[in-house]
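Asker: What follows is a predicted structure for the sequence shown.
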Amino acid sequence: MFEFCADPSVLGTFRWFSCYLTNGVHMLFYQSFLTVFTLIAVAAPLSLAFGFAAATASRSHVAPARWLGKGYTAMVRGVPDIVFFLFFVLVLDQGIEYLRHVVQCPTWTEPVRQGANFLVCDSARTPPGTAPQWVHEGYNFGLAAFTYAIVFGAFCGNVLFGAMNAVPQQQLETAAAYGMTQRQIFRRVLVPQMWIYALPGLSNIWMILIKATPLLFLLGIEDIVYWAREIGGSRNSRFAYPHPDWRFWYFLALLIFYLGFTRISEIVLSRLTRRLSRGQATAGGEAMRKAAA
């Protein structure tokens, strides 16, 4: 904050906005954008890992693994995202506390579930009540990121399963004829070629993941939607910077942010698609061969 911000009531318009947009609350608003980027940076690779594991399991010759892979993708994709987020985070949190309760408090005799209350011993509470605020926030963010990965991992698994099946069977048979094992065929032939078939579906999931980041607000995490609502609401003379209801402008800024983010994503994904299409037996690869001829 600037030195002339000591008394906002005597400032002109430009200086007033300079002080208003650089006060402590707005700094938290700006930091919340890092929360969104961190969520995407953590959830996206985790989702891809869960999806790859689910797709691989769905193709397995071992029946239990195949049932697990297909059951995971079918069940999670069939539940509305908002319901899964609100339910799974609660169950995961209580599950962690219950396991710690069983290990750390074996002499506990009272029931853990008492009506609508979930009671565990103090040493099993996660995180402990005496932990600093950043630990609580980090724990909540970790639960949210893991939940995002579980949800979008199911969609990735369905896309990758279809992409694996789209790789021409003749190439797999040729690799087998050359003496390659099933593991070598999977690692050297199937996986490298499936990405071009998976990329359109994964691109859509990436866009949906970006649009789903405001759900952090519903999970109690102070993200950009939370601060836009809090800061943009009307402020009377009790506040240092009183103003009418400006939520329209704050949410308009979020709209521009998300549109810009998706546009940059489209450019990057388009270039990645062209790169992966080189030499592939796809419409994109054929078009590139004709253009080079």
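Answerer: That came through, no problem.
Asker: Got the confidence number for the nearest residue to Lys70 once chain neighbours are set aside?
Answerer: Excluding its sequence neighbours, the residue lying closest to Lys70 (CB to CB, 6 or more residues apart in numbering) is Ser58, at 5.0 Å. No exception for glycine: its C-beta is placed from N, CA and C like everyone else's. Looking at Ser58, its pLDDT reads 92.
Asker: do the same with Gly279
Answerer: 62.
Asker: roughly how far apart are Ala66 and Met207?
Answerer: Just so we're on the same page, residue 66 is Arg rather than Ala. Per CB to CB, to the nearest Å, Arg66 is found 30 Å from Met207.
Asker: what sits against the residue nearest to Lys70?
Answerer: Arg66, Gly69, Lys70, Thr73, Gly157, Phe161 (CB atoms under 8 Å, 6 or more residues apart in numbering).
Asker: Likewise for Gln182?
Answerer: Ala176.
Asker: Would you confirm that Met194 contacts Leu160?
Answerer: Yes - assessed by CB atoms under 8 Å, Met194 is found in contact with Leu160 at 6.8 Å.
Asker: out of these two, which sits in the busier spot?
Answerer: Leu160 (28 against 22; other CB atoms under 10 Å).
Asker: Could I get the full set of helices for this structure?
Answerer: 13-20, 24-58, 63-77, 81-104, 133-166, 169-177, 182-185, 191-212, 224-232, 247-277, 283-292 (DSSP state H).
Asker: if we can go back for a sec, please indicate which of the contacts of Ser58 are buried?
Answerer: Gly69, Lys70, Thr73, Gly157, Phe161 (16 or more other CB atoms under 10 Å).
Asker: one step back: wait, which of the contacts of Ser58 is closest to Val102?
Answerer: The closest of the contacts of Ser58 to Val102 turns out to be Gly69 (CB to CB; 29.5 Å).
Asker: and that closest one, what does it touch?
Answerer: So Gly69 contacts Ala53, Ala54, Ala55, Thr56, Ala57, Ser58, Arg59, Ser60, Gly157, Phe161 (CB under 8 Å, 6+ apart).
Asker: tell me the mean pLDDT over stretch 126-135?
Answerer: Mean predicted confidence for stretch 126-135 is 82.
Asker: Run through who's touching that stretch.
Answerer: Outside stretch 126-135, the residues within contact range by CB under 8 Å, 6+ apart are Asp93, Ile96, Glu97, Arg100, Asp122, His136, Tyr139.
Asker: Nothing else from me, thank you.
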